[in-house]
Structure formats: C-alpha cells, structure tokens
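Novice: Sequence isn't available, so here's the structure alone:
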C-alpha cells in the first residue's frame, strides 16, 4: 500500500466528500422518482409538463438546500466561536456533536485553543514573574538606598535645627518636614511595590493594610468583609488575590469617583470569591492595561474574573478561584510560580 493511500484525509477533502454524497443522494433519489413515475416529456414540450418539471426542480433544490444547511450548521457555530474567542477568557469551546468529519474539525479547533491558552498562560507567568521581580528590586532600592539617604538627610537637618540661630530655625524645620514627608512617601511606594505584610502576616492582614492605605490616600470609605475561616492558600494564590484587589482599588481611586467601596473575600461551595464593588460612575473600559493584567493574573491560578460596570451603576469586580490542591496546598509546586520566580528574579537582579 502506498504512502498516499494511508495518509489521513484533510478537512477540505472530507467536506468535499460530504457535499458529493449529499448531492449524489438527492439527484439519485430524484432520478429514481422520475424513472418510476408516469410523467413523460413530449416534443415539443407541453405547458403542463413544464409545470411538473418546475415543481420537481424546486423540490430537488429545496431538499438539497435543507440537507446541506443541516449538515453544515456546525460551521456557523465554529465561525461564531472564532470571532468571539479571547484567550484571556478561557473555557469557551464548541460541543463536538458527533457530526462526522466536522466533529474532527471542531475537535481540532478546540485542541488548538487548549494549546494557545496553555502557551498564553506560560508566557504570562514568566512576564508577571519578571514584573514582580522588578517590583521587588525597585522596592528594595527605594528602601535601602533612597530611604536611607533621606534618613541621613533628616538626621542632619535635625542637628542643624538644634544648632541653628533663631532666625534660621523655622526655615530649616520647614525643610525638615518636607524631607520627612518625602521619606514617608518613598516608604509607602515601596510597600505598594512589595507587599511585605503579605509575606510576613498573611493575606488577611495584607488586605486590611491595603484597605487602610486606600482609605487614607483616597478619602473613599472602605468596608471590608474578609472571612476568618479561609482555607490555607498557596503563596501563588495569595499574591494573585492581593494584586487584583490592589489594582481594583487603584482603579476606583483614579477613575470611579466613588463614595464607598466594599471588599469581600469568602469561601463557599468549593470556591473562593474576591469581590470589590463601588458606587462610582461605572462604565469601566474592559480592554485597559490594568484590567488585562488582572485577567492574566487570574489565568495563572485557573480563576475566573468577571467585571460588571454599567454606566452610572458602579463597578463590580469578582474573582472566583476554585479550591483545588493547586490553590490550597502551601507546599511549593514543581512548576514556576510568580512568588518563587519573584524571589529568584529579584536575586538575579
């Protein structure tokens, strides 16, 4: 047997055979009906015979169109899926309905989406790990270098104030307060870049500190409802939850114009739910860099992120995390996690 005869048929060849078989069945049936019927055609053809032939042709065309439409219907669904597919929103697949060779085409397309989502998740993991590493490096430099330098300046100013004559003491004190304010801002930026409280005290304390900093800086009232009986989560999941909460609150402070925000974290029904809802102007743009980053982080832990933001109705961000071994096992997994890669990348830098 030759190599060409054993090669599997392509989807185009399979579709061609499908069309040939359908058309062949329709025309064979029409020919058999015509051969077995008492209908005749005269020469010259009579008006009555023209009418019979016209009706027969219409019936053949209608049957052919109906069979082809039903047979090729999965292609319409496949086209719709191709148009709406988004690698940041996983799980959108077409059901393999057992339609012969078209089932193979649908299965191939679903497998392609699986590969693309896996590759996108891996590349996002490396990119976000590098981002976390850069955040850690900048935070360390702010704290160890700029922060220490400002501290030295502050101590020098204190000695200068103590030794200065009266007419210079007030201006020096003003400069001293400015340096102290700058030092506080540097420390605050460093804390936002590197959530040390998350590593030291855990997610619950980190969300409390995040909410306090948000209310103090934005003036927006924040209500926290964080359950105390949460399961023990992996460091990877805790980091994703913290970063998504941080990005959501940052968006509220910058764009929402809200008076009140509610941050909720609960576990029920085998799922962990993080929700940040505000009463602002709504109409959030779902294609912004911040929201895309949130979706990419959600993909890292197999979570589902939904954002509801009707104009004038506030914004509701929900992250649903399935409680599996991957998300609850605190032991390090063999694959690279953002938290582990964060430490490794920060050490390399």
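Specialist: That came in fine, so what should we check first? In this text the structure is predicted, and so the values were computed from the model without any measurement.
Novice: From now on I want contacts and neighbour counts done on CA atoms only, so please keep to that.
Specialist: OK.
Novice: Show me what the helix or strand hosting residue 141 is packed up against.
Specialist: Per DSSP states H and E: residue 141 is located in helix 101-141. Packed against helix 101-141 by the contact rule (3 or more CA pairs under 8 Å, 6 or more residues apart in numbering; DSSP states H and E) you find helix 11-36, helix 47-84, helix 166-193, helix 289-300, helix 338-348.
Novice: Just put these in CSV and tack on distance to residue 110, mean neighbour count and mean pLDDT.
Specialist: As requested, these are exported to CSV (distance: least, CA to CA, whole Å; neighbours: other CA atoms under 10 Å; pLDDT from 0 to 100):
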stretch, distance to residue 110, mean neighbour count, mean pLDDT
helix 11-36, 15, 14, 75
helix 47-84, 10, 13, 78
helix 166-193, 38, 15, 83
helix 289-300, 18, 20, 81
helix 338-348, 28, 18, 39
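Novice: Columns distance to residue 239 on top of those helices, output as CSV?
Specialist: Converted to CSV, the helices and strands packed on helix 101-141 look like this (distance: least, CA to CA, whole Å):
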stretch, distance to residue 239
helix 11-36, 45
helix 47-84, 30
helix 166-193, 12
helix 289-300, 9
helix 338-348, 7
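Novice: roughly how far is stretch 256-268 from the heart of the chain?
Specialist: Centroid displacement of stretch 256-268 relative to its chain, using CA atoms, centre = their mean, to the nearest Å, is 20 Å.
Novice: how is the chain carved up into domains?
Specialist: Domain assignment for the chain by automatic domain parsing gives 6-84+92-118, 201-342.
Novice: Which among the ones you listed is found nearest to residue 186?
Specialist: Closest to residue 186 of the domains of the chain is domain 201-342 (CA to CA; 13.9 Å).
Novice: Now the element after the helix holding residue 141, going C-ward?
Specialist: Downstream of helix 101-141 (by DSSP H and E), the next one is helix 147-163.
Novice: Now tell me what touches that next one from outside.
Specialist: Helix 147-163 has contacts (CA atoms under 8 Å, 6 or more residues apart in numbering) with 168, 169, 172, 173, 176, 179, 180, 182, 183, 186, 187.
Novice: Tell me which two of these sit farthest apart.
Specialist: 168 and 187 (28.8 Å).
Novice: now the residue positioned nearest the centre of the chain: how far from residue 128?
Specialist: The centroid of the chain falls nearest to residue 295 when counting by CA atoms, centre = their mean (2.7 Å). Distance, residue 295 to residue 128, by CA to CA, to the nearest Å: 12 Å.
Novice: same check, this time on residue 136
Specialist: 12 Å.
Novice: Throw the domains of the chain into a markdown table and include distance to residue 192, thanks.
Specialist: Putting those into a markdown table (distance: least, CA to CA, whole Å) gives the following:
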| stretch | distance to residue 192 |
| --- | --- |
| domain 6-84+92-118 | 30 |
| domain 201-342 | 8 |
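Novice: So which of those is nearest residue 124?
Specialist: Set against residue 124 and scored by CA to CA, the domains of the chain come closest in domain 201-342, at 6.3 Å.
Novice: Determine how far the closest one lies from the middle of the whole chain.
Specialist: 13 Å.
Novice: Stretch 114-126 too?
Specialist: 12 Å.
Novice: which stretches of the stretch 101-250 of the chain have low pLDDT?
Specialist: Where the stretch 101-250 of the chain drops to pLDDT under 70, the residues are 101, 121.
Novice: If we use 50, what do you get?
Specialist: By pLDDT under 50, the stretch 101-250 of the chain contains no weakly predicted segment.
Novice: hang on, residue 262 in a strand?
Specialist: Yes: per DSSP: H, G, I helix; E, B strand; the rest coil, residue 262 lies within a strand segment.
Novice: Cool, thanks, signing off.
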